[in-house]
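Q: I'd like to go over a predicted model; first the sequence, then the structure.
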Amino acid sequence: MSDTSNKLGGPSAETQASAKSTSSSAAGVRIEGGISYEVIIGCEVHVQLLTKSKAFCGCENRFGGIPNTRVCPVCLGLPGALPVVNLALVEGAIIAGLALGSRIAEVTKFDRKNYVYPDLPKGYQISQFDMPICVGGHLDVATEGQVRRVGITRVHMEEDAGKNLHLIDGSNMSYVDFNRCGTPLLEIVSEPDMRSPEEAVAFVESIREIMRYLEVSDCNMEEGSLRCDANVNLWISEGGSRHATPIVEIKNMNSFRAIRSALSFEVRRQLEEWKDRRLTLEAVGKSTRGYNDETGETVPQRTKEAASDYRYFPEPDLKPIAVSRVFVDALRTRVGELPEAKRERLKSQYGLADFDAETLVVSKRLSAYFEEAAAGYREPKKIANWILTEVRSVLNERNIEIDRFPSKPDHIRELLEAVDDGTISGKIAKEVFAEMAAAGRGPREIIAERGLSQIADEGDLAEIVDRVIAANEKSVADYNAGKDHALKFLMGQVMKESKGKANPVVATRLLKGRLSR
Amino acid sequence: MSEVTALTLTELSDRLQSAELTSTAVVTAYRESYRADAKGPQPLNGYVEWFEDALSQAETADAARRRGDGAHRLLGLPIAVKDNILIKGRPLTCASEILKGFTAPYSATVIDRLVAAGMIPVGRTNMDEFAMGSSCEYSCYGAAHNPVDRSRTTGGSSGGSAAVVAGNQAPVALGSETGGSVRLPASFCGVYGLKPSYGSLSRYGLVAFGSSLDQIGIVGRCPRDLALILAVAAGKDPNDETSADTDFTRLGDALARRDLKGLRMAIPQEFLAEGLDPEVRKVLDSFVEWARSSGALVETISLPILDASVAIYYIIAPAEASSNLARYDGVRYGYRNGETANLFELYERTRSRGFGKEVKRRILLGNYVLSSGYYDAYYKKAQGVRTLLIKEVGAVLSRYDLILSPTAPTPAFTLGSKVDDPLAMYLSDIYTTFANLALLPSLSLPAGRTPHGLPVGVQITGRRFAEELLLSCAETWYEEGGAR
């Protein structure tokens, strides 16, 4: 095959090369009814960025809202209005590119993509055409113990459109909500390197994990901050020759389940179509199908413009951007360690279990909190446990992120140390934590102020023990007669006398010593 | 009355400051002048709307001036504004049916700055639809008429702005330029017209035509008036990335004439070739004679790439326009046709009937040169030649201070004579477009008249952001009696 046809649905050079090291190249070949075929999938993933303001104006960038309230002359495309690039968009794009191993362009520019639709108020979308901000890169995607290296073609910056709303009350009216207009977007385009629907799902999941971890996007598919289109076709080997079936672009897959079932349906459909009609890519070309979530089928979709000619040209309202090395290096520091590497390190360095490591790495700030708390502590697993249970339940309850949690990481460590050295019991620790989470004060301060530290002093405790023995002659006799449960009762009395502050280990030892059975 | 309307902006400013005149008197005089003309047999049709509340703003300005010092020089002075520059709360149409009913929800940065200084926008001026035209005839309000000879055009597209300044209906006006739209009407009507460097004035709130070429321009009766406006309106605007961090504030009070001695001027021979009216040539020659006698060095040079400027212009400007005008679709504002039709019929009907012939011609042209298969041959090539033009014009301006040429090949032509001949119309821009393409400041000054009394403009073009040089040379010409 020529290079050109590689682009149109064949495996990219990068995959072929990487196949040796990271995956078995035979894994993609399936055989069914005597037909040997390979599934070829490439993805275009749109990610909305979590910037404070929109891509080219000062409007707040947030999901939803009363229609047409987060708009201004710029994002409404009113006559005379001009865009101004939000630097946070460029930063987000570079961070994403660095995480994907892309080359960051030294000079990048915006272009206009011209097409008409009511949700696009300027009649063009500000996007990038021939000088995208990030080029190349890859993502290693794991499915069932197999790793596939998926090439990244490019990552470019653009703006989102509004939303058309069609009333179903019989009025036949349509409305447009422009709140989403101008929301900063990244389009991440992959090489056609995925060999199964599962790999495609895993690819999009990996994108989501990285973007969330880097806090570039919240990647919420329900709210549309992560959207995926996929190009899929089959390579069929028959009688010693290879045929490519027509490429189909599938749109409207709004969940991971939808991606999996849409692609699975499409693979079966193309296989059947090949058996029935033997259509090839060369003969038919490319078409677009939409996924119907209710039927689980893909259906032919009328494209916005039959033969779309977007008439791209450089956006004259925005200056080309020179991306300095210093700027990129600063962002590289911010990217730091990527989730996969960090997960592995947390496991080996701190001895964490798979699940704990994975959960901590969901957010960059959460894992940083853990590492700070665990610094210099003997049993990091205990710290992880506290964070993933006690701390996380407070976060969920209050619906906040870790950076708004009142207690410093050091406080968590100090709390566990107080348990370890016997200052407080595990039960008291939970009380102290509740107060830490409420007030943000350190555990030692709380313990001291509320007099929560245990009585571990033998002299003080001996006095209490003696009093309990004197007052409970019957239980002492029972114990001496061999009834073990009597000791439990006596310990309970010691705890009662000490208002729960007796160190149980010391108290038990003293009690046993005096009872001389 | 008539005396007031014949004063320059600078003179009016002096008299307001010395309390010889009030803003109310000035605005009233202009309003009467406009009204009297509108009742006449052949009105100028320079304004598409006179703002009736301008008078109450003048009263407010007078009160402010009486209250105390610190009043800006421009406080209470009227300015006319081309109908493609947004003034908050005012209608804006770009002289197009398609924008009828649209009210500006915000003001252009330039307007904000002038209003902050106390200026009073008194009306919207006539223009070619979306600034596409060279005669102010492609207007949904009908053509503007040249105050010097009402059977002739004002030139375009800022014809209304030149007409009201030359016709004593405003002391100064804002126009806009994409390829000569301020300088050409200034030349035809016998007034001064400045196209600042690309970036000198913010484009925020100027309705886009050719975004990489567009620039707000100023029409006035003398160079100082232009400088006064430029001083207040120029400078970096955070709402326009392409605006430059220029500072012309010093020109507001102190534009001085400049001794021409030792100044180097180049006349491209390409601008003296076939098509140049001999009467225009005569005026140019006499201007050159004056410049030389004032000590300037004037040389004829060869700059063949200038022959390509109109061709490049008529690829790049329509390409950008085709995209800029896509938003006028009947969905959100302005004119809509096809309420009950399906979406694409709504677009088709709205745009077919809402846009005039010339605008549609340029949209088609622009879409064509950007379409796949033609992009490389037209748009991309034009961009390449534009880059070359910038370089070669720059080389000339490293050896010379100014490029000197006629503003237009002819004096004002008769109304109707070119409306159906787009190519002939396009050639009116033959000497002006290169300054827009090369992002340079360029000024048309009234250099003389033909034997029939028609004004003829001469154009001086300088290095980027050399507005002061252009204005001070023009000031010399003005002070030595070369006025209208």
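A: Cool, got the structure. What you see is a predicted model; the values in this text were computed from it and never measured.

Q: can you pull the pLDDT of the closest residue to chain A within the stretch 251-400 of chain B?
A: Closest contact between the stretch 251-400 of chain B and chain A, by Cβ to the nearest Cβ, is at residue B:326 (2.5 Å). In short, each C-beta sits where N, CA and C put it, glycine included. pLDDT, residue B:326: 98.

Q: Pull the contacting residues for it.
A: Residues near residue B:326 by Cβ atoms under 8 Å, 6 or more residues apart in numbering or on different chains: A:114, A:116, A:122-124.

Q: Now do the contacts for residue 311.
A: All of this refers to chain A. Going by Cβ under 8 Å, 6+ apart, residue A:311 touches A:112, A:114, B:322-323, B:367, B:370-372, B:375.

Q: try chain B instead
A: So residue B:311 contacts residue B:382 (Cβ under 8 Å, 6+ apart).

Q: now do residue B:77
A: Applying Cβ under 8 Å, 6+ apart to residue B:77 gives the contacts B:9, B:12-13, B:16, B:23, B:26, B:118-120, B:171-172.

Q: at 6 Å instead, please
A: Taking Cβ atoms under 6 Å, 6 or more residues apart in numbering or on different chains, we find residue B:77 in contact with B:12, B:119.

Q: by contact count, what packs against the helix or strand harbouring residue A:444?
A: Assessed by DSSP states H and E, residue A:444 sits inside helix A:443-449. Contact partners of helix A:443-449 among helices and strands, from 3 or more Cβ pairs under 6 Å, 6 or more residues apart in numbering or on different chains; DSSP states H and E: helix A:409-420, helix A:426-439.

Q: surely residue A:264 meets residue A:200?
A: No. Taking contacts as Cβ atoms under 6 Å, residue A:264 lies outside contact range of residue A:200: 10.0 Å.

Q: before we move on, the earlier item: if you average pLDDT over each of the helices and strands packed on helix A:443-449, which is lowest?
A: Of all the helices and strands packed on helix A:443-449, the minimum mean pLDDT falls on helix A:426-439 (a mean of 88).

Q: relative to helix A:409-420, how tilted is it?
A: With axes from the mean of the first three to the mean of the last three Cα atoms, to 10 degrees applied, the angle from helix A:426-439 to helix A:409-420 works out at 160 degrees.

Q: Output the below-cut-off pLDDT ranges for the stretch 51-200 of chain A.
A: The stretch 51-200 of chain A contains no residues with pLDDT under 70.

Q: who in it is up against chain B?
A: Applying Cβ under 6 Å from any Cβ of the partner chain, one finds that the stretch 51-200 of chain A approaches chain B through A:73, A:77, A:79-80, A:82, A:84, A:112, A:114, A:118, A:122-124.

Q: change it to 7 Å
A: Counting by Cβ under 7 Å from any Cβ of the partner chain, the residues of the stretch 51-200 of chain A close to chain B are A:73, A:77-80, A:82, A:84-85, A:112, A:114, A:116, A:118, A:121-124.

Q: Closest one of the residues you listed to residue A:178?
A: residue A:121 (6.4 Å; Cβ to Cβ).

Q: OK, contacts around the closest one?
A: A:76-77, A:178, A:181, B:327, B:332 (Cβ atoms under 7 Å, 6 or more residues apart in numbering or on different chains).

Q: May I see the residues you listed organised as CSV, with secondary structure added?
A: Compiled in CSV, the contacts of residue A:121 are given as follows (DSSP: H, G, I helix; E, B strand; the rest coil):
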residue, secondary structure
A:76, coil
A:77, coil
A:178, coil
A:181, coil
B:327, helix
B:332, coil
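
Q: what's the burial count for the closest residue to chain B within chain A?
A: Using Cβ to the nearest Cβ, the closest approach of chain A to chain B is made by residue A:123 at 2.5 Å. By the criterion of other Cβ atoms under 10 Å in any protein chain shown, residue A:123 has 21 neighbours.

Q: got it, and the one 5 residues further on?
A: Other residues within reach of residue A:128 by the criterion other Cβ under 10 Å amount to 23.

Q: returning to what we had before: what's the ChimeraX line that selects buried ones from the contacts of residue A:311?
A: Buried subset of the contacts of residue A:311, written as a ChimeraX selection, criterion 16 or more other Cβ atoms under 10 Å in any protein chain shown:
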select /A:112,114 /B:322,323,367,370,371,375
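
Q: Show me the residue at the heart of the chain, geometrically.
A: Defaulting to chain A. residue A:209 (3.1 Å; Cα atoms, centre = their mean).

Q: my bad, chain B
A: Central residue of chain B (Cα atoms, centre = their mean): residue B:182, at 2.4 Å.

Q: In this structure that one contacts residue B:160, no?
A: No. Using Cβ atoms under 7 Å, residue B:182 is not in contact with residue B:160, being 11.6 Å away.

Q: Against chain A, how distant is residue B:60?
A: Noted for residue B:60: a distance of 26 Å to chain A, by Cβ to the nearest Cβ, to the nearest Å.

Q: So what's the residue count around that residue?
A: Count around residue B:60 with other Cβ under 10 Å applied: 16.

Q: what's the answer for residue B:237, then?
A: 25.
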